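Undergrad: sequence and predicted model, in that order:
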Amino acid sequence: MKNTFGNAVSMTIFGESHGPAVGAVLDGLAAGLPVDEAAIAAAMDRRRARGDGLSTARTEADAVEFLSGVYNGRTTGTAVTLMIRNLNTRSGDYAKTADLLRPGHADYTAYAKYEGFQDARGGGHFSGRITAASVAAGTICETVLNSLGVKVYTHIAECAGVKDAPLSSAAGLVMPAPQPGHFALLDPAKEEPMQAAIRAAGGEGDSVGGILETVVTGLPAGIGEPWFDSVESELAHLMFAIPACKGIEFGAGFGFAALRGSEANDPFTMRGGEIATATNKNGGVNGGITNGMPLVFRTVLKPTPSIYKEQHTVDYISRQDAELQIRGRHDPCIVPRAAVVQNTLTAFGLLDLLTVRYGTLAQKHGLPQV
């Protein structure tokens, strides 16, 4: 199992859904960087469930404990180890159906890989619960990016068939800060119909999915590598670590299929004495490397596989067909909670790419001018 990602800055995740704790080790940060615990707490609050019919009834305090690498509110230059205790587990909800494979889950693939030794309670290491640790670690990275003038913003582009305002309508790419307890949206008026659609699906024992869109401003041109370590491949690798992610597109994405080259190309122009592009269909990346325009990408998240409708499955111990009625506490939609996961994983990935390019000193003293 590979639980570590990153080159100059790396993140290792650990823990299981119903184990004592989940956590992360963040290595490669310069000494003396601020660790904004208020920002971390706010990010954890955006990810946590509220037991309000829009997310799972499993609510956790999600208090982040630092075991190493942080002293007096700043990084020490050694590995930052953080832990989030699991305090509200109900493993008994899974006992009666432990031998039944849950459709859409990793039960069968985990059994095939780990030969029955995996911790299957609540999805174990495959659970979205693990993303709590990546949000805490990624928020530290986001704080560093903010100090360098790089801003990451993720909104719910679509959920349960309800669409947010398009990104182009956000004047000057000034994004509204997500408010506690509210969805990350460009148009707050879309929250009520989204919530209604989620509640309707949950009321039927079903679930819904959606699309998250991320925009990053302030990235200098020249970040990333061609071929295997391109900006797109590095971020795609991270986005597919979000358990429900099933697709990603950059810029115009799959819309390029309907365009001609004359429509798909972004003409270069001078703007305020700087090289820019007149349009941004390529999402701020050419040849795997940032071009200085806003980085834009979208992911699609499938409906939560844990639904309360009866489903056909297999008992993998007796190897017989069976019917499954899932119990326990589950999200009718994980899209609103996943927005901050995508945001903070993006921040981590970009800080790694920036550190590969400029080194750890740039984390403290700023990025060189291109």
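TA: All right, it came through fine.

Undergrad: quick one: the helices in the stretch 251-370 of the chain?
TA: For the stretch 251-370 of the chain, the helices defined by DSSP state H, counting those that start in this stretch occupy 261-264, 335-358, 361-365.

Undergrad: would you turn the ones you listed into JSON lines with mean pLDDT and distance to residue 313?
TA: Any C-beta I mention is one placed from the backbone N, CA and C, and that applies to glycine too. Shown next, in JSON lines, are these (pLDDT from 0 to 100; distance: least, CB to CB, whole Å):
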{"stretch": "helix 261-264", "mean pLDDT": "96", "distance to residue 313": "44"}
{"stretch": "helix 335-358", "mean pLDDT": "97", "distance to residue 313": "25"}
{"stretch": "helix 361-365", "mean pLDDT": "93", "distance to residue 313": "48"}
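
Undergrad: reformat these as JSON lines; add distance to residue 3.
TA: Shown next, in JSON lines, are the helices of the stretch 251-370 of the chain (distance: least, CB to CB, whole Å):
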{"stretch": "helix 261-264", "distance to residue 3": "38"}
{"stretch": "helix 335-358", "distance to residue 3": "14"}
{"stretch": "helix 361-365", "distance to residue 3": "24"}
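
Undergrad: just the ones you listed: most buried one?
TA: Compared across these, helix 335-358 shows the largest average neighbour count, a mean of 25 (mean count of other CB atoms under 10 Å).

Undergrad: packing partners of that helix?
TA: strand 4-6, helix 37-47, helix 131-147, strand 151-159, strand 210-217, helix 231-239, strand 295-301, helix 361-365 (3 or more CB pairs under 8 Å, 6 or more residues apart in numbering; DSSP states H and E).

Undergrad: next, the angle strand 151-159 makes with that helix.
TA: On the basis of axes from the mean of the first three to the mean of the last three CA atoms, to 10 degrees, helix 335-358 is oriented at 150 degrees to strand 151-159.

Undergrad: tabulate the CA atom coordinates of helix 335-358 in CSV.
TA: Taking Å, rounded to 0.1, in the frame of the first residue of the first chain, the C-alpha atoms of helix 335-358 are listed here in CSV:
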residue,chain,number,x,y,z
VAL,A,335,-20.3,16.9,-2.6
PRO,A,336,-20.8,19.9,-0.2
ARG,A,337,-18.3,18.4,2.3
ALA,A,338,-15.9,17.4,-0.4
ALA,A,339,-15.4,20.9,-1.7
VAL,A,340,-12.9,21.7,1.1
VAL,A,341,-11.2,18.4,0.5
GLN,A,342,-10.6,19.2,-3.1
ASN,A,343,-9.4,22.7,-2.2
THR,A,344,-6.9,21.7,0.4
LEU,A,345,-5.5,18.7,-1.7
THR,A,346,-5.0,21.2,-4.6
ALA,A,347,-3.1,23.5,-2.2
PHE,A,348,-0.9,20.7,-1.1
GLY,A,349,-0.2,19.6,-4.7
LEU,A,350,0.6,23.1,-5.8
LEU,A,351,2.9,23.8,-2.9
ASP,A,352,4.8,20.7,-3.8
LEU,A,353,5.2,21.8,-7.4
LEU,A,354,6.2,25.3,-6.4
THR,A,355,8.8,23.9,-3.9
VAL,A,356,10.2,21.5,-6.6
ARG,A,357,10.7,24.6,-8.8
TYR,A,358,11.9,27.2,-6.3
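
Undergrad: what's the angle from that helix to helix 231-239?
TA: Computed by the same axes, to 10 degrees, the angle separating helix 335-358 from helix 231-239 equals 130 degrees.

Undergrad: just the angle between helix 335-358 and strand 295-301, please?
TA: Using the same axes, to 10 degrees: helix 335-358 against strand 295-301 is 140 degrees.

Undergrad: what stretches of the stretch 251-370 of the chain score poorly on pLDDT?
TA: Residue ranges of the stretch 251-370 of the chain with pLDDT under 70: 328-329, 370.

Undergrad: one more: the stretch 51-200 of the chain?
TA: In the stretch 51-200 of the chain (pLDDT under 70), the answer is 51-53, 55-60, 88-96, 169-174.

Undergrad: now the strands for it?
TA: Assigned by DSSP state E, counting those that start in this stretch, the stretch 51-200 of the chain shows strands spanning 64-68, 70-71, 74-75, 80-85, 151-159, 162-163.

Undergrad: how close does residue 23 get to residue 44?
TA: Distance of residue 23 to residue 44, computed by CB to CB, to the nearest Å: 13 Å.

Undergrad: quick check: neighbours shared by those two?
TA: residue 84 (CB atoms under 8 Å, 6 or more residues apart in numbering).

Undergrad: what residues are bridge-paired with residue 75?
TA: Beta-bridge partners for residue 75, by DSSP bridges, are residue 70.

Undergrad: contact partners for it?
TA: Counting by CB under 8 Å, 6+ apart, residue 75 has contacts 29-33, 35, 69, 140.

Undergrad: I'd like the list of these that fall within helices, please.
TA: The helices, defined by DSSP state H, take in residue 140 from these.

Undergrad: picking up where we left off before, who wins for proximity to residue 238 among the helices of the stretch 251-370 of the chain?
TA: helix 335-358 (4.7 Å; CB to CB).

Undergrad: sorry, back to before: let's have the strands of the stretch 51-200 of the chain in TSV, adding distance to residue 280.
TA: Below are these laid out as TSV (distance: least, CB to CB, whole Å):
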stretch	distance to residue 280
strand 64-68	36
strand 70-71	38
strand 74-75	34
strand 80-85	34
strand 151-159	15
strand 162-163	20
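
Undergrad: sounds good, over and out.
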